[in-house]
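Visitor: A structural model of the following input is requested.
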Amino acid sequence: MRISLTGWRSRSWFGPSRRVTASRRTTRAVRRELVGWLIVASALPLASSVAQTPNAERGKGLTDVPGIRVGHFTLSRRPTGCTVVLIDGEGAAAGVSQRGAAPGTRETDVLNPLNMVEKVNAIVLSGGSAFGLDAAQGVMRYLEEKNIGFKTSAGVVPIVPAAVIFDLPFVADPKTRPTADCGYKAATTATNGPVREGNVGVGAGATVGKLGGFEQSANPGIRPMKSGVGSTSITLPNGLVVGAMVVVNAVGDVIDPSTGQVVAGARSANGTLADARKLLRNGAKITAPRAGENTTIAVVATNARLTKVQAGRLALMADDGLARAINPSHTMGDGDTVFGLATGSWNGAVDMTTIGALAADLVAEAIVRAATQADSLGGLPSARQLRTVPQRFK
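Guide: Model prediction:
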């Protein structure tokens, strides 16, 4: 590769005199071209290294977005629970992307740009399958007590979309599941402090790598692992903030996008990672995912001032992060759902390409964090126990 510095000529470099001979001008130009090339070439490896090394510093996570608070409540009788995202003030413009084939959701139709309500007051993520949607009622009660919600002639009606994961068979009595009281308690604990990760709230009963089914007797040759909740964020020099929080309860494996390595997922009979990609390509016997028994749910938020349509685009672009960090994703047994929120506290120029691209990267990183921050539980090992945590998280 050759870089020409002809366009770099200036009077300060070559001097004002026109009496310099052509040969001297040529010699000096060659020297300067060589020096310039060496400077550029020496910088290239460093730039490449920086670009290819993800930053493991997450800040506070989703709560780095001003106006966002997060609270968890974990049940004590069985590993399950719920997680609440509260939006201060009048709420946030919101959208949703729902690509999984087996969703369990509530109030997602209100996020359709064709419909009237522009903002939401909270998002609820819950364990307990469809039963867990009851947690949103508790959050509504909490918000109504604070007089927060969509204003009507009869008072406020809090707008609280929700989505659930299936964790009913994990560890104990499946009838132990989040209720409205769980949602209320999670809302009372919500803060703008660092988001707790791992086996907490909705992540308490989350698992991954279920190509062999959840029950080990279904396919003893393919066993799952423990996962949880992960969160991360980025703040740009111009003040734009984007954050993500994800609970990972997927059929597929968690893949580190920066290396392509499996972090957590299906295990072979000897306990080592089997790699779902290899299992599928080699025609291994798998257990077909059952509808609704797996799901990854994400919430992405930004302080940018977005319309409801743009918030939907934010969720759609962020959804790409699932495909980068989970394989396979969006299966017939997953209810993958991504919520997009925009608080509007930043008045900078909106560039949806940048915001959406950042959101997708953050969702992928939060997915990896969900696996790396979880602890072994219920007889299932975590990435920490298997020593598969990427170096940047150690």
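Visitor: going forward, measure contacts between C-alpha atoms and count neighbours the same way
Guide: OK.
Visitor: Could you list the low-confidence segments of this protein?
Guide: 1-58, 213-221, 288-292 (pLDDT under 70).
Visitor: quick check: domain ranges of this protein?
Guide: 6-52, 62-393 (automatic domain parsing).
Visitor: Out of those, which is the most enclosed?
Guide: Mean neighbours per residue, mean count of other C-alpha atoms under 10 Å, is largest over the domains of the chain for domain 62-393, with a mean of 22.
Visitor: can you give me how far it is from the chain middle?
Guide: For domain 62-393, the separation from the chain centroid amounts to 7 Å (computed by C-alpha atoms, centre = their mean, to the nearest Å).
Visitor: For that domain, measure first residue to last.
Guide: Domain 62-393 has its terminal residues 18 Å apart, counting by C-alpha to C-alpha, to the nearest Å.
Visitor: Repeat that for stretch 342-362.
Guide: Start-to-end, stretch 342-362 (C-alpha to C-alpha) is 15 Å.
Visitor: just stretch 184-201 next, same as before
Guide: Stretch 184-201 end-to-end distance (C-alpha to C-alpha) = 13 Å.
Visitor: Please, where are all the strands along the stretch 201-350 of the chain?
Guide: Secondary structure of the stretch 201-350 of the chain (DSSP state E, counting those that start in this stretch): strands located at 207-208, 225-226, 229-235, 241-249, 253-255, 262-264, 295-304, 326-327, 337-346.
Visitor: Report the inter-axis angle for the third one versus strand 241-249.
Guide: So the one you mean is strand 229-235. 170 degrees (axes from the mean of the first three to the mean of the last three C-alpha atoms, to 10 degrees).
Visitor: Which residues outside strand 229-235 are in contact with it?
Guide: Residues outside strand 229-235 that contact it (C-alpha atoms under 8 Å, 6 or more residues apart in numbering) are 58-62, 64, 195-200, 202-203, 241-248, 362, 365-371, 373-374.
Visitor: Show only the entries of the residues you listed found in helices.
Guide: The members of the contacts of strand 229-235 that map onto helices under DSSP state H are 362, 365-371.
Visitor: circling back: for the strands of the stretch 201-350 of the chain, which one sits closest to G271?
Guide: The closest of the strands of the stretch 201-350 of the chain to G271 is strand 225-226. By C-alpha to C-alpha, the value is 9.9 Å.
Visitor: partners of that closest one in the sheet?
Guide: strand 207-208 (antiparallel) (DSSP bridges).
Visitor: Can you tell me what sits against the strand it pairs with?
Guide: Residues contacting strand 207-208 (C-alpha under 8 Å, 6+ apart): 224-228, 248-254, 264-266.
Visitor: and if you look at stretch 99-119?
Guide: 90-96, 129-130, 133, 150, 159-165, 291-292, 295, 308-309, 312, 329-337.
Visitor: So which of those belong to helices?
Guide: 308-309, 312.
Visitor: of the residues you listed, closest to P381?
Guide: Taking C-alpha to C-alpha as the measure, P381 lies nearest G312 of the ones in helices among the contacts of stretch 99-119, at 36.2 Å.
Visitor: Ignoring the adjacent residues along the chain, who's closest to the closest one?
Guide: Spatially, and ignoring its direct neighbours in sequence, G312 is nearest to G95 (3.8 Å; C-alpha to C-alpha, 6 or more residues apart in numbering).
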